[in-house]
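# coords please:
(one chain, ligands or ions: 1)
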Amino acid sequence: MNKKMTINSIQKAKGNTPLVMITAYDALFASLVAPSSDMILVGDSLNMSFAGKADTLSATMDQMIYHTQAVCNGAKNSFIICDMPFGTYTNESDALHNSIRVFQETDADCVKIEGGKDKAYVVKHLTSNGIAVCGHIGLLPQSVRSEGGYKVKGKTNAESLSLIEDARAIEDAGAFCIVIEGVKSDVAQEIAKCVDVPVIGIGAGVEVDGQVLVFSDMLGLFEAFTPKFVKKYMDGATLVKDAVQNYADEVKAKEFPQEIHTY
Ligand code: KIV
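Next up is the predicted model:
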């Protein structure tokens, strides 16, 4: 069994081997992704790929806690990140109250919150009260409605400088690691160089300190839409549909169950 990562070993990995992060929302998939990953993210993306909603905004604290408990049960030796859902960290006291719930009701190792310099005061309040925080900058899925869509960041000089300020602000506030999403690769590379904490990319190119993908995207289970940054490592949707069709055909033909499946 691999040694469980800690915020210290994650930070030490910067500049060495790239870190592998992947999402999971239940115990079964957590147990399957655990052996090959350094960190498991219980992302609020579960609101889309698990609950079938159009965006992440309606995920609740109770749902994140339920799914984080399940993931912790399935991957007891993994470093687990619980995403804080929209509206649960709009001020210091709500953020601390909700993060304490995560630490007391689950075995998660840290929380993740979206936002840069505007959220640094919240990150500071959490880290100074014993909550490990993973930041999330760049394209922020929880801002999809206020920004009118998912917009790649770092396309202008001003935007790039602002992203660098974001990364520095949350590092100074105590974040041990930063997820950077949907950012031009040269800008993401520059940001990874500007901070001492690991920068984990999603849609941010290869020159960062690690990568994160949503499991249902990289396993090819989610058919509706494939973002440019996703690589499908298998055609999960076809495999599942073919297997279920096979089962249905055998049930209808009375070919299943056979003698070996029968008491
Ligand atoms: O919710 C999520 O899965 C995430 C990743 C896209 C980084 O935040």
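# For the nearest residue to residue 142 once chain neighbours are set aside, grab phi and psi.
Closest residue in space to residue 142, ignoring its immediate chain neighbours: residue 86 at 4.5 Å, by CB to CB, 6 or more residues apart in numbering. The C-beta positions use only the backbone N, C-alpha and C, and glycine is treated the same way. Dihedral angles of residue 86 (phi, psi; degrees, to the nearest 10) stand at phi -50, psi 130.
# Please report how far residue 86 lies from residue 47.
With the distance defined as CB to CB, to the nearest Å, residue 86 ends up 9 Å from residue 47.
# same check, this time on residue 229
For residue 229, the distance to residue 47 equals 20 Å [CB to CB].
# same question, residue 96
In this structure, residue 96 lies at 23 Å from residue 47, with CB to CB as the measure.
# neighbour-wise, which of these two wins?
When residue 96 and residue 47 are compared for neighbours, residue 47 comes out ahead with 24 against 18, by other CB atoms under 10 Å.
# need the helices for the stretch 51-200 of the chain, in chain order.
61-74, 92-105, 120-127, 144-147, 157-172, 185-194 (DSSP state H, counting those that start in this stretch).
# Kindly reformat those helices as JSON lines and extend each row with distance to residue 29.
Formatted as JSON lines, the helices of the stretch 51-200 of the chain follow (distance: least, CB to CB, whole Å):
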{"stretch": "helix 61-74", "distance to residue 29": "7"}
{"stretch": "helix 92-105", "distance to residue 29": "20"}
{"stretch": "helix 120-127", "distance to residue 29": "28"}
{"stretch": "helix 144-147", "distance to residue 29": "25"}
{"stretch": "helix 157-172", "distance to residue 29": "29"}
{"stretch": "helix 185-194", "distance to residue 29": "27"}
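# Mean pLDDT and distance to the ligand for these - can I get that in TSV?
Below are the helices of the stretch 51-200 of the chain laid out as TSV (pLDDT from 0 to 100; distance: least, CB to the nearest ligand atom, whole Å):
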stretch	mean pLDDT	distance to the ligand
helix 61-74	98	10
helix 92-105	98	15
helix 120-127	98	16
helix 144-147	97	12
helix 157-172	98	15
helix 185-194	98	13
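# How much space separates residue 24 from the ligand?
Going from residue 24 to the ligand by CB to the nearest ligand atom, to the nearest Å gives 10 Å.
# Surely that residue is in contact with residue 75?
Yes - taking CB atoms under 8 Å as the contact criterion, residue 24 and residue 75 are neighbours in contact, 7.1 Å apart.
# Would you mind listing what in the stretch 151-263 of the chain touches the ligand?
179, 181, 202, 212, 214 (CB under 6 Å from any ligand atom).
# now, the most widely separated pair of the residues you listed?
179 and 214 (12.1 Å; CB to CB).
# Neighbour count: the two, which is higher?
Summary of the neighbour comparison: residue 179 and residue 214, criterion other CB under 10 Å, with residue 179 having more neighbours (26 against 22).
# Excluding chain neighbours, what is closest to that one?
In space, residue 179 comes closest to residue 136 once its chain neighbours are excluded; the distance is 4.4 Å by CB to CB, 6+ apart.
# and the one you found, what is it in contact with?
Residue 136 makes contacts with 112-115, 178-181, as judged by CB atoms under 8 Å, 6 or more residues apart in numbering.
# same deal with residue 188?
Taking CB under 8 Å, 6+ apart as the test, what residue 188 contacts is 138, 154, 180, 199, 201, 204-205, 207-208.
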